[in-house]
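> from the sequence below, what's the structure:
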Amino acid sequence: GADVVPGHDRIRAAAAPILHRLALYTGNVTHLTVLDGRDSVYLDKVGGRFAAALPTRVGGRRPAHANAGGKAMLTWLPAESVDRLYGEGIGTCTDRTISDLDGLHRELGRIRGRSGLAYESGEALAGVACVGAAVLGTTGPVAGISLCGTDRTVDPDRLGPIVAAAAREIARTLYPGVDHTRRARPR
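Sure thing, here's the model as predicted:
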């Protein structure tokens, strides 16, 4: 049958307890996003002290290529889809944002090499660092999660595996009975 992408409410419900646990455990802000064209749309934001300083909001949009959750989702799209989305040019948020298609493809290749873990430091917002991973459905990404803080509070080596495990846990909740250990590698 056709792959039914769960609705936003169902994705948010599956992710909420996991996002809360991540935020409590790490002291950082967690985001849940979905891809809408070139944008990451925020479905949820859970956070500690840093949340108020972070100008993201539920329902808000940010360029997907400039944030960790967005880059994690883009990694799982076919290269042609990325070309179609960004062929007209790429906007920047800060002087550290990826600004050209070749650079974006190189970054997505690096993320594939880390089994889908995306990092970002000062690319969307100056002084903000994030680690992200995609929540995978049966045919591609259905959401992205990210853990955000400052360069001091976000250690990708330590937090990466935790974020990846959280993304897999959300996928298992949304798609019970699918073997998530045998995922195809990102294209």
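> do I have it right that residue 71 meets residue 110?
No: counting by CB atoms under 8 Å, residue 71 stays clear of residue 110, with 9.6 Å between them. Placement of C-beta: from N, CA and C, glycine included.
> which one's more surrounded, those two?
The neighbour comparison of residue 71 against residue 110 (other CB atoms under 10 Å) goes to residue 71, with 29 against 13.
> the residue minimising distance to the centre of the chain: helix or strand, and which one exactly?
By CA atoms, centre = their mean, the mean C-alpha position of the chain lies nearest to residue 69, the distance being 1.5 Å. Using DSSP states H and E, residue 69 maps to helix 68-75.
> this structure: strands as residue ranges?
Counting by DSSP state E, the chain has strands at residues 29-36, 39-46, 61-63, 118-121, 129-136, 141-149.
> rewinding a little: how far off centre is the helix holding residue 69?
Offset of helix 68-75 from its chain centre (CA atoms, centre = their mean, to the nearest Å): 5 Å.
> what do you get for stretch 133-148?
On CA atoms, centre = their mean, the centre of stretch 133-148 falls 6 Å from that of its chain.
> in it, what counts as buried?
133-137, 140-148 (16 or more other CB atoms under 10 Å).
> kindly check the end-to-end length of it for me.
Start to finish, the residues bounding stretch 133-148 are 12 Å apart (CA to CA, to the nearest Å).
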